[in-house]
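Peer 1: here you go, sequence then predicted model.
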Amino acid sequence: MNIFFRYAVIFMLLVSGGLVKAQSVDSLLVVDDIQFDVKEFHLDESKNELTINLFAISYSTDPREYKMNTFSTQVLDQKKQSHFFSAIRMGNVLVRFEDKQNYLHYLLEEDKPVDIQVVVKDWKKSDKPAMIKLVFESSTEEGEFLEVSIPLKK
């Protein structure tokens, strides 16, 4: 019976230790009931092109319009220099910089993750991407834009 308790205590410590390593709700990046996460980012050195893949999940119970200000959405390098996007894709919606489209509109549904891809052309190999800044309209007040800075770490 004594061995049983030892194994039970060891099992409980392993389980609780695993829970401590899990991402807590407080550390999630949630702005205006939208959670943002970085899937991955990489530099294609042959094209000098940086690609950042994110996803967003809405916690709003009703479908809501996500209105991104494309020209305020930028990638910052380790020197805090801003870089404009070449293309932004959110789900099936694509906005290219040369289209000069100020806003990207997308209908977010509750608990359905949506992929966001940001491509920056002419990225210097010596620059390291530090963060991406997304700017979008608040769901509570029309005309008010919120900014979320998402760190890019490897």
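Peer 2: On my side now, so go ahead. Numbers count the residues shown, from 1 in each chain.
Peer 1: excluding chain neighbours, what is closest to residue 107?
Peer 2: residue 63 (5.4 Å; CB to CB, 6 or more residues apart in numbering). Backbone N, C-alpha and C define where each C-beta goes, glycine included.
Peer 1: what's the answer for residue 135, then?
Peer 2: residue 72 is the one closest to residue 135 (CB to CB, 6+ apart), at 3.7 Å.
Peer 1: I'd guess residue 98 is in a helix, am I close?
Peer 2: Yes. Assessed with DSSP: H, G, I helix; E, B strand; the rest coil, residue 98 lies in a helix.
Peer 1: count the residues that sit near it.
Peer 2: Using other CB atoms under 10 Å, residue 98 has 8 other residues around it.
Peer 1: what of residue 139?
Peer 2: Using other CB under 10 Å, residue 139 has 19 neighbouring residues.
Peer 1: same question, residue 60
Peer 2: Applying other CB under 10 Å, we find 14 residues neighbouring residue 60.
Peer 1: show the pLDDT at it.
Peer 2: Per-residue confidence (pLDDT) for residue 60: 85.
Peer 1: now residue 152
Peer 2: 93.
Peer 1: for the nearest residue to it once chain neighbours are set aside, give me its contacts.
Peer 2: Spatial nearest neighbour of residue 152, chain neighbours left out: residue 129 (4.8 Å); criterion: CB to CB, 6+ apart. Residue 129 sits next to 41, 43, 50, 52, 75-78, 123, 152 when contact means CB atoms under 8 Å, 6 or more residues apart in numbering.
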